[in-house]
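Q: got a sequence here, can you model it:
(chains A, B and C)
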Amino acid sequence: MWLRNNRGVALASTAALLLLGGISLAFFWVPDDVDQGFSQRIFYIHVPVALTAYACFGWGAWKALRLLWTREVRYDLESYTAVHMGVIFGILTLVTGSIWARISWGVWWSWGERQLVLFLVLFLFYSAYFMLRYSTEPGPRRERMSAVYALFGVVLIPVSFLAIRLAEGFIHPTVFTRDGPQMAGSMFFVFCVCLAGTLTLAGALYANELLGKRVDASLRELEEALA
Amino acid sequence: MTYFGDVAALARKDILLELRSRDTLPAMLLFVVSTLVVFHFALPSDSSDLAAGGLLWVAIVFTALLGLTRAFAAEREQRLLEGLVLAPCDRSAIWLAKGASVMAFLLLAEAVALPAFALFFAPVDATLVAAVLLADIGIAAVGTLLAAMAAASRARELLLPLLFLPLAIPVIVGGVGATVAEEPARYLGFLALYDLLFAILSWASFEYVVTE
Amino acid sequence: MTTAEKYVTAAYLVVLAVVLLYVVIYAFKLARLEREVTRLAKLAAERRASGEVPEVEAAEPLRTAN
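A: Next comes the predicted model:
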């Protein structure tokens, strides 16, 4: 009962524990990677953040589908907030990925990094989502258009990834290779802790932002009732 | 009226309107040829024909954008869209009809663009034509839906390119791949996949975008 | 610190920075919400005092319910 009413608090505390634990493990406990050495440790924040972004976009698309199915207004706020979270974590993916590219190969950007290129395309796509929302009058039509667009996004993810792979057939990027970490058990464990941490963090931020948006909406109704 | 009867009627209306006003299509034709000329000046002398092939697809996508921006202009200006939506036809018929007319304009524009490209840069082969046809389907399908979205917003002409370009990236990859790569079949297959997925998605979601 | 260590730390710090930035922006939003609530509460109290609006029971606290 307490858990349901204080979801945000529960998520935030769990996120704090998991992330602090995971990051400490990533810095102090887990052994160096055989091939890449110390710099491989970025993996423990870069990949969880990327997977969390995908999860947020998927969650947003799910809520969008629910909106189109049931036409309940609350799904619009939930979908919007989820996409917002996805974009935040997407930006984090791009930045951490860029830093990793810098350490590994000395360049800030590499078109050969498929995941990075995919996130660039998704970033452009979901930024347009916000432009769509901001330039449309609030109402059921905006809700439905945003929902349809969020669904397009989720279909775009695999299609874009395929496109990026196919594009290498004629673009010949300077493909830097980075041997995937030979995941020792300890590495996998730390990765899982960090992944759980970022997912919970996204959940906590999502719950908070959603609450704020709902309060906003209620306030507006209240204002109209009193005015 | 039957579904396809509705589609035919709506498409005929659009094409007749264009034949009478003659504003969108001539602009598209002129735009695509001008762009190709600009590309000549934009390509350094030792660029290969492959680079030109890539740029052709840029020209096609931006010409399509030009046409799409105008796609719902008439409806918007005379608030016809509300009327159409109230009509007792399946909303997706509007999408199909509008997409068909966009496709028609695109094909006409390419009927000029491809010979111009062959004249200015490099010969055009059957694979390229096939790729252009497949790409047109995807562009028309997705573009019509997005144009309807943009028409409902305040920032119309600004918004449509932003919405369209990320979704156009796979089309460009498929098109350029089919034009320049050694095994075009993969890229043609990919274009077909894109068309299938996004046409179904656009067809199914159009009514949500267009109703109040 | 080696260069690699610096960059790795920078990556983690960037994540922290973005999350903290989000918190700051959110704090501003909450402050605005609080101002709005106080203003509306005052408005409601005035209305009640002048007899326009009947006494309303204290609303349930906002739940984070799904």
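Q: so which bits of chain A are right by chain C?
A: Counting by Cβ under 8 Å from any Cβ of the partner chain, the residues of chain A close to chain C are A:4-8, A:23, A:37-39, A:41-42, A:45-46, A:49, A:88, A:91-92, A:95-96, A:99-100, A:102-103, A:201, A:205, A:207-212, A:214-216, A:218-219, A:222-223, A:226. Placement of C-beta: from N, CA and C, glycine included.
Q: name the next helix or strand downstream of the worst-scoring helix or strand of chain A on mean pLDDT, please.
A: Across the helices and strands of chain A, mean pLDDT, DSSP states H and E gives its lowest value to helix A:2-5, namely a mean of 72. Read in the C-terminal direction, the helix or strand following helix A:2-5 is helix A:7-24, with elements assigned using DSSP states H and E.
Q: and the helix or strand following that following helix, what does it pack onto?
A: The helix or strand immediately downstream of helix A:7-24 is helix A:43-70, counting by DSSP H and E. Taking 3 or more Cβ pairs under 8 Å, 6 or more residues apart in numbering or on different chains; DSSP states H and E as the contact definition, the neighbouring helices and strands of helix A:43-70 are helix A:7-24, helix A:74-105, helix A:114-134, helix A:140-171, helix A:185-226, helix C:3-49.
Q: could you find the closest non-adjacent residue to the residue nearest the centre of chain A?
A: With the centre of chain A defined as its mean C-alpha position, the nearest residue by Cα atoms, centre = their mean is residue A:53, 1.5 Å away. Counting by Cβ to Cβ, 6 or more residues apart in numbering or on different chains, residue A:53 lies nearest to residue A:89, which is 3.8 Å off, once chain neighbours are set aside.
Q: check residue B:56 too.
A: With Cβ to Cβ, 6+ apart as the criterion, residue B:56 has its nearest non-adjacent residue at 5.4 Å, and that residue is residue B:117.
Q: same question for residue A:212.
A: Beyond its immediate neighbours in the sequence, the residue positioned closest to residue A:212 (Cβ to Cβ, 6+ apart) is residue C:29, lying 5.9 Å away.
Q: okay, now that neighbour: neighbour count?
A: Applying other Cβ atoms under 10 Å in any protein chain shown, we find 14 other residues in the vicinity of residue C:29.
Q: isn't the residue nearest to residue A:53 right up against residue A:203?
A: No - judged on Cβ atoms under 8 Å, residue A:89 makes no contact with residue A:203 at a distance of 11.6 Å.
Q: neighbour count for these two, which is higher?
A: In terms of neighbours (other Cβ under 10 Å), residue A:89 is the more surrounded of residue A:89 and residue A:203; the figures are 28 against 22.
Q: contacts only, for the more buried one.
A: With Cβ atoms under 8 Å, 6 or more residues apart in numbering or on different chains as the criterion, the residues that contact residue A:89 are A:49, A:50, A:52, A:53, A:56, A:198, A:202.
Q: ditto for residue A:193
A: Taking Cβ under 8 Å, 6+ apart as the definition of contact, the neighbours of residue A:193 are A:18, A:21, A:22, A:25.
Q: can you list the weak-confidence ranges in the chain?
A: You didn't say which chain, so I picked chain A. Low-confidence segments of chain A (pLDDT under 70): A:173-182.
Q: oops, wrong one, chain B.
A: Filtered on pLDDT under 70, chain B yields the residue ranges B:1, B:77-81, B:212.
Q: okay, now residue A:45: neighbour count?
A: 28.
Q: repeat that for residue C:13.
A: Summarising burial for residue C:13: neighbours were counted as other Cβ under 10 Å, giving 10.
Q: and for residue C:41?
A: A count of neighbours around residue C:41, defined by other Cβ under 10 Å, yields 12.
Q: and the pLDDT for it?
A: Here the pLDDT value assigned to residue C:41 is 85.
Q: need the contact list for residue 136.
A: All of this refers to chain A. A:142, A:145, B:152, B:153, B:154.
Q: oops, chain B please
A: Residue B:136 neighbours (Cβ under 8 Å, 6+ apart): B:64, B:103, B:106, B:107, B:110.
Q: off-centre distance for the one helix or strand it maps to?
A: Here residue B:136 sits within helix B:126-151, counting by DSSP H and E. Averaged C-alpha coordinates place helix B:126-151 at 4 Å from its chain's average position (Cα atoms, centre = their mean, to the nearest Å).
Q: the following helix or strand past it near chain A at all?
A: On the C-terminal side of helix B:126-151, the nearest following helix or strand under DSSP H and E is helix B:156-180. Yes - part of helix B:156-180 sits close enough to chain A to count as contact by Cβ under 8 Å from any Cβ, namely B:158-159, B:162-163, B:165-167, B:169-170, B:173-174, B:176-177, B:180.
Q: buried subset of those?
A: Burial by neighbour count, judged by 16 or more other Cβ atoms under 10 Å in any protein chain shown, picks out B:159, B:162-163, B:165-167, B:169-170, B:173-174, B:176-177, B:180 from the residues of helix B:156-180 next to chain A.
Q: for the residue nearest to residue B:56, give its distance to residue B:86.
A: For residue B:117, the distance to residue B:86 equals 44 Å [Cβ to Cβ, to the nearest Å].
Q: do the same with residue A:89
A: To residue B:86, residue A:89 is 42 Å away according to Cβ to Cβ.
Q: so residue A:183, which state does it fall into?
A: Three-state call for residue A:183 (DSSP: H, G, I helix; E, B strand; the rest coil): coil.
Q: from what I can see it touches residue A:191, true?
A: Yes - when contacts are counted by Cβ under 8 Å, residue A:183 is listed as touching residue A:191 (7.4 Å).
Q: neighbour count: those two, which is higher?
A: In terms of neighbours (other Cβ under 10 Å), residue A:191 is the more surrounded of residue A:183 and residue A:191; the figures are 21 against 13.
Q: hang on, the earlier thing: now the contacts of residue A:193 as JSON lines including neighbour count?
A: Conversion of these to JSON lines gives the following (neighbours: other Cβ atoms under 10 Å in any protein chain shown):
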{"residue": "A:18", "neighbour count": "20"}
{"residue": "A:21", "neighbour count": "16"}
{"residue": "A:22", "neighbour count": "24"}
{"residue": "A:25", "neighbour count": "18"}
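Q: just the closest of those residues to residue A:171, please.
A: Distance to residue A:171, by Cβ to Cβ, is smallest for residue A:22 among the contacts of residue A:193, at 36.0 Å.
Q: compute the distance between the closest one and chain C, please.
A: Note on residue A:22: its distance to chain C, by Cβ to the nearest Cβ, to the nearest Å, is 11 Å.
Q: now for that residue: which residues touch it?
A: Each residue near residue A:22 by Cβ under 8 Å, 6+ apart is listed here: A:44, A:190, A:193, A:194, A:196, A:197.
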